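Asker: how would this look folded up:
(one chain, ligands or ions: 2)
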Amino acid sequence: MSTEREETQEYINGMRPGPLTREIPECMRDKYTIVQTILDVIAFWILLSGYIITGIYRAIMGYPKKELKDSIAVVTGGGGGLGSLVALRLARLGCTVVLWDINKQGLEDTVKLVKGIGGKCHGYVVDLASREDIYRVAKTVHEEVGRVSLLINNAGVVSGQYLLDTPDHLIQRTFDVNVLAHFWTVKAFLPHMIEHNNGHIVTIASMAGHVGVAKLVDYCSSKSAACGFDEALRLELEVRGIKGVHTSLICPYFIRSTGMFEEVNSRFVPQLNSNEVADRIVFAIRTNESLAVMPGYFRLLLPFKWLVPWPCVSEIIRRLVPDAAPAPIASHRPQLTDDLVPTSHKGKLDSRPMTLVPPARHDRHV
Ligand SMILES: NC(=O)c1ccc[n+]([C@@H]2O[C@H](COP(=O)([O-])OP(=O)(O)OC[C@H]3O[C@@H](n4cnc5c(N)ncnc54)[C@H](O)[C@@H]3O)[C@@H](O)[C@H]2O)c1
Ligand SMILES: *[C@@H]1O[C@H](CO)[C@@H](O)[C@H](O)[C@H]1NC(C)=O
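Answerer: Ligands and ions are numbered 1, 2, ... in the order given. Predicted structure coming up:
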């Protein structure tokens, strides 16, 4: 008697009252007959062939692209790296871009750059590791700029050390920025998207969200969480019948010259060009694409991970990425000067990346 009570109580704490296991009620048994199963399988194959045929047709004839003119886009981590390149492209398409970044200098530079090409651009200093900051600035943006219909969760940090050498606060920060911030930004902007049945949420994750890499234990797990976030959210929107709000998951391999993985060792697969990645992201947005993997052939290689024995997977990853963070992180990066750091964060900002130098000129073509 007492154990049963305890069990029930525990389950109430897990929110749903009732016993832990229960037999399937009589009325639910045998609901799905063999015939129905066969029909479902046939329907699946018909659906799949339909999508393959339209896919081939699109690949040949080109994809219809949605108009982004006059929409308002928030790009987190837009003060440098990939974020600034995406911002430039969106501005060119007529979007009003709202950049969020913790790096005030990078933010100002990027706003200038976007305005320089005739774009509409606003910059806000936000610490994405702070939920209060996110909710506060989201409200300000809504009041000062307008309704956001495109949210690009791009900001990311990496600690780049063996797990046991990684200080706790950096692990915490990696999760705060790389995945928890997505919850808060989505909670801030999704309601208006649903209300107008118009919106798009983009998650910039990484190949590291699908494959584990040494020295990136916190990074990989946070990116893996970001992948799960996108997929579950997309399904949830579909289940709720919200047709006008799309989500896209972007999983690039290492990118050259954004600052994040500058000196990573990568064999066989060349590091990606940041301009090409930015182009790919904008393409995914304009075609409502749910998943973009870069380079594209990784989409075929990934399933092999589940097929071959672990020692083979391990060998491939180790040969592909002999060292994800060869140099100790802090030593070669520009130090944050005190006046760039909001007072509340002084002394806490030692995680990577804090790109103070904007990407090199040659890498900023739109
Ligand atoms: N560079 C790569 O090799 C690579 C590969 C795959 C995925 N990615 C992902 O792409 C995204 C962009 O990466 P990047 O290469 O442009 O990096 P980056 O370091 O050049 O830019 C990241 C931006 O986010 C900002 N940022 C960091 N912490 C913040 C915080 N707490 N609050 C507000 N802003 C913050 C930084 O100031 C910077 O401007 C990241 O999510 C990254 O994980 C990068
Ligand atoms: C993308 O989705 C929007 C909103 O549902 C729709 O209006 C648009 O036609 C779609 N575009 C493409 C290219 O699929």
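Asker: Determine the three-state secondary structure at the spatially closest residue to Ser130 that is not a sequence neighbour.
Answerer: Excluding the flanking residues, the one nearest Ser130 by CB to CB, 6 or more residues apart in numbering is Asp176, at 7.9 Å. For every residue, glycine as well, the C-beta is placed using N, CA and C. Three-state assignment for Asp176 (DSSP: H, G, I helix; E, B strand; the rest coil): helix.
Asker: List the contacts of Asp176.
Answerer: 128-130 (CB atoms under 8 Å, 6 or more residues apart in numbering).
Asker: ok, which residues in the stretch 251-366 of the chain are in contact with ligand 2?
Answerer: Residues of the stretch 251-366 of the chain lying close to ligand 2 (CB under 6 Å from any ligand atom) are 287-288.
Asker: Could I get the full set of strands for the stretch 251-366 of the chain?
Answerer: With strands called from DSSP state E, counting those that start in this stretch, the stretch 251-366 of the chain shows them at 291-294.
Asker: what about the residue of it found nearest ligand 2, distance to Leu48?
Answerer: Closest contact between the stretch 251-366 of the chain and ligand 2, by CB to the nearest ligand atom, is at Asn288 (3.7 Å). Distance, Asn288 to Leu48, by CB to CB, to the nearest Å: 19 Å.
Asker: the more surrounded of these two?
Answerer: Higher neighbour count among Asn288 and Leu48: Asn288, with 14 against 10, using other CB atoms under 10 Å.
Asker: Quick check: closest non-adjacent residue to the more buried one.
Answerer: Leaving aside its sequence neighbours, Asn288 sits nearest to His246 (CB to CB, 6+ apart; 4.6 Å).
Asker: tell me the pLDDT at the residue of the stretch 1-150 of the chain found nearest ligand 1?
Answerer: Closest to ligand 1 within the stretch 1-150 of the chain is Gly81: 2.2 Å, counting by CB to the nearest ligand atom. On pLDDT, Gly81 comes in at 91.
Asker: same thing with the one 10 residues further on?
Answerer: For Ala91, the model assigns a pLDDT of 96.
Asker: again, but for Lys346
Answerer: Reading off the model, Lys346 has pLDDT 36.
Asker: Can you get me a residue count around the one residue in the stretch 101-250 of the chain that gets nearest to ligand 1?
Answerer: At 2.4 Å from ligand 1, Gly156 is the closest residue in the stretch 101-250 of the chain, using CB to the nearest ligand atom. The tally of other residues near Gly156 (other CB under 10 Å) stands at 26.
Asker: ok, now Asn273?
Answerer: 14.
Asker: check contacts around the residue in the stretch 101-250 of the chain positioned nearest to ligand 2.
Answerer: Residue nearest to ligand 2 within the stretch 101-250 of the chain: Gly244 (4.4 Å; CB to the nearest ligand atom). Gly244 makes contacts with 193, 196-199, as judged by CB under 8 Å, 6+ apart.
Asker: mind checking how far it is from Lys187?
Answerer: For Gly244 relative to Lys187 (CB to CB), the value is 18 Å.
Asker: With Asn154 instead?
Answerer: Distance from Asn154 to Lys187, by CB to CB: 18 Å.
Asker: The longest helix anywhere in the chain - what's its average pLDDT?
Answerer: Ordering each helix of the chain by length in residues (DSSP state H) puts helix 34-61 first. For helix 34-61, the mean pLDDT works out to 91.
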